[in-house]
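Q: the sequence isn't on hand, but the structure is:
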């Protein structure tokens, strides 16, 4: 094997040009230029500095390099939008530019476009744009967030004309999806995002809950191999810190709007201004941002729903650990067998168990409907008792209260300065995927529908011996799903 070398400035420029034009993947360039991954990563991460260094010598070449970009259509469109908005006196922020760029990219069919911080910095330099972080102190009240009092006064006026099934609210919660409280202290702060999932729950006043949005720190965990993301019971998104950011939220809002379009519905959606930095215009969704310091609305609107979801999730988690204790006497070994696919399935099952009346109660508690809350039992209390019992059965040193509350203060929202997928993160992800990154490998024992049918037959026999009627009924339904797939393959 040839010795790895350091690239000259000229070679670095060729690397940057080929990468930005999409001629070569990172892995192909590592092989072509005979350098290490870390050197290639450093070159692409610091490409702006390299270009500036070259500009000191030959600026004509730099201009040609800078004009070569796959995002030129978006850049032109967003600059025209920026000029028009400034002429109208609109106050523009970086987040607003990123939001609008994502929308324009979707319109242009550029679904892979990322309105990252790197893109924003490059765009501002190219057009000599300087953005203020906030309006000046003498700007009009209409340019600032409405006060909590005004929000409260206008709240009921906002929902006039909307059926209860078309009034939505949403919020985010965090899960350390396979950790126990006693294990958290052994983790560095930088490593926690690998164990974190951020979940956005969105529900309407009738108690209906939308398909959850779940954010992890990898685009394609190994347990998703050969899996179509559309078949997941959740919307899967990612960023390096497992947090919701401007780009992810914008994509989710557009998907939610498309769903409402298909269903021929016009809805109103309340989100915290802490989650959604700017109010964007959608065809079928009226987006209203309540003040981030409105603690009553923020805490009550969907907090109880998230708590109940997490209590159901913890039950699934602990039951899984204890059920495998004969295989893994050490529960720490057992929990490492839990992967992201297990987690998203448990999140889905937990959401389905949430009673609609609990959701309705949340809307009542913030004054959106009725005067008296429904008299219903808070299932999270009963779940907590069951979690206590599971802790005892499993011999855990963690208490039920700790298990329910230990991940209550996770960072869920990415800072505006870090919004979007950074270029260096995307490069790392590409390298990880090409090198076969393995998060939590499991040997697949079932290789065909015939194998699956054999397993179900065995489970049915077990259920009969144990006189478990409900299990036999469910396994019969599973068999009805498997048999047509076997017959279809044999006919073809």
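A: Received, thanks. Please read these numbers as outputs of a predicted model, since none were measured by experiment.

Q: quick check: closest non-adjacent residue to residue 349.
A: residue 316 (6.6 Å; CB to CB, 6 or more residues apart in numbering). Glycine gets a C-beta too; all of them are placed from N, C-alpha and C.

Q: what helix or strand does the one you found sit in?
A: helix 303-323 (DSSP states H and E).

Q: the spatially most central residue of the chain: what secondary structure?
A: The centre of the chain sits closest to residue 215, judged by CA atoms, centre = their mean, with a distance of 2.5 Å. Secondary structure for residue 215, judged by DSSP: H, G, I helix; E, B strand; the rest coil, is strand.

Q: settle this for me: it is touching residue 240, isn't it.
A: No: in this structure residue 215 lies outside contact range of residue 240 using CB atoms under 8 Å: 10.6 Å.

Q: just to revisit the earlier point, enumerate the beta-bridge partners assigned to the nearest residue to the residue nearest to the centre of the chain once chain neighbours are set aside.
A: Spatial nearest neighbour of residue 215, chain neighbours left out: residue 198 (4.3 Å); criterion: CB to CB, 6+ apart. Counting by DSSP bridges, residue 198 forms beta bridges with residue 174, residue 215.

Q: now do the contacts for residue 198.
A: Residue 198 makes contact with 172-175, 214-215, 242-244, 410, 412 under the criterion CB atoms under 8 Å, 6 or more residues apart in numbering.

Q: kindly report the same for residue 181.
A: By CB under 8 Å, 6+ apart, the neighbours of residue 181 are 398, 402-403, 406.

Q: isn't there a helix covering residue 358?
A: Yes: judged by three-state DSSP, residue 358 forms part of a helix.

Q: from memory it sits against residue 306, does it?
A: No: applying CB under 8 Å as the test, residue 358 and residue 306 come out as separate, 11.0 Å apart.

Q: which stretches of this structure form strands?
A: 167-176, 196-204, 213-216, 235-238, 267-272, 285-290 (DSSP state E).

Q: which residues are in contact with the fourth one?
A: Under the contact criterion CB under 8 Å, 6+ apart, strand 235-238 has outside partners 211-219, 224, 229, 248, 251-252, 255, 344.

Q: of these, which is the most crowded?
A: Counting by other CB atoms under 10 Å, residue 215 has the largest number of neighbours within these, with 28 neighbours.

Q: now for the strands of the chain, which one comes closest to residue 449?
A: Ranking the strands of the chain by proximity to residue 449 (CB to CB) places strand 235-238 first, at 25.1 Å.

Q: just give the number of residues close to residue 24.
A: 15.

Q: what of residue 308?
A: Count around residue 308 with other CB under 10 Å applied: 22.

Q: same deal with residue 389?
A: Applying other CB under 10 Å, we find 11 residues neighbouring residue 389.

Q: buried set for stretch 354-361?
A: 354-356, 358-361 (16 or more other CB atoms under 10 Å).

Q: any idea which of those is least confident?
A: Note: of the buried residues of stretch 354-361, the lowest pLDDT belongs to residue 361, at 79.

Q: which parts of the stretch 301-450 of the chain are helices?
A: 303-323, 331-336, 340-352, 356-365, 379-393, 400-405, 423-434, 449-465 (DSSP state H, counting those that start in this stretch).

Q: tell me which of those lies nearest to residue 157.
A: For the helices of the stretch 301-450 of the chain, distance to residue 157 was read as CB to CB. The smallest value, 16.1 Å, belongs to helix 356-365.

Q: who are the contact partners of residue 187?
A: Contacts of residue 187 (CB under 8 Å, 6+ apart): 179, 195.

Q: about what we covered before: selecting buried members of the contacts of residue 181 in ChimeraX, what would you type?
A: Per 16+ other CB under 10 Å, the buried members of these correspond to this ChimeraX selection:
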select :398,403,406
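
Q: now render the contacts of residue 181 as CSV, adding distance to residue 95 and pLDDT.
A: Shown next, in CSV, are the contacts of residue 181 (distance: CB to CB, whole Å; pLDDT from 0 to 100):
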residue, distance to residue 95, pLDDT
398, 39, 79
402, 37, 78
403, 36, 83
406, 32, 79
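
Q: need the contacts of residue 181 in TSV (columns: distance to residue 285).
A: Putting these into TSV (distance: CB to CB, whole Å) gives the following:
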residue	distance to residue 285
398	41
402	39
403	36
406	35
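
Q: by contact count, what packs against the helix with the most length in the chain?
A: Ordering each helix of the chain by length in residues (DSSP state H) puts helix 469-491 first. Packing partners of helix 469-491 (3 or more CB pairs under 8 Å, 6 or more residues apart in numbering; DSSP states H and E): helix 449-465.

Q: buried residues, the helix it packs on. List them.
A: In helix 449-465, counting by 16+ other CB under 10 Å, buried: 449, 452-453, 456, 459-460, 463.

Q: what of stretch 391-398?
A: Quick answer for stretch 391-398 (16+ other CB under 10 Å): 391, 394, 396, 398.

Q: and for stretch 103-119?
A: Buried residues in stretch 103-119, counted by 16+ other CB under 10 Å: 103-105, 110, 113-119.

Q: stretch 268-283 now?
A: Burial within stretch 268-283, assessed by neighbour count using 16+ other CB under 10 Å, is assigned to 268-278, 280, 282.

Q: okay, now the unreliable bits of the stretch 1-150 of the chain?
A: For the stretch 1-150 of the chain, the stretches flagged by pLDDT under 70 are 1-6, 21-23, 38, 52-70, 86-91, 126-128, 130-150.

Q: tell me the spacing between the nearest residue to residue 180 once chain neighbours are set aside and residue 309.
A: Spatial nearest neighbour of residue 180, chain neighbours left out: residue 398 (5.2 Å); criterion: CB to CB, 6+ apart. In this view, residue 398 and residue 309 are 20 Å apart by CB to CB, to the nearest Å.
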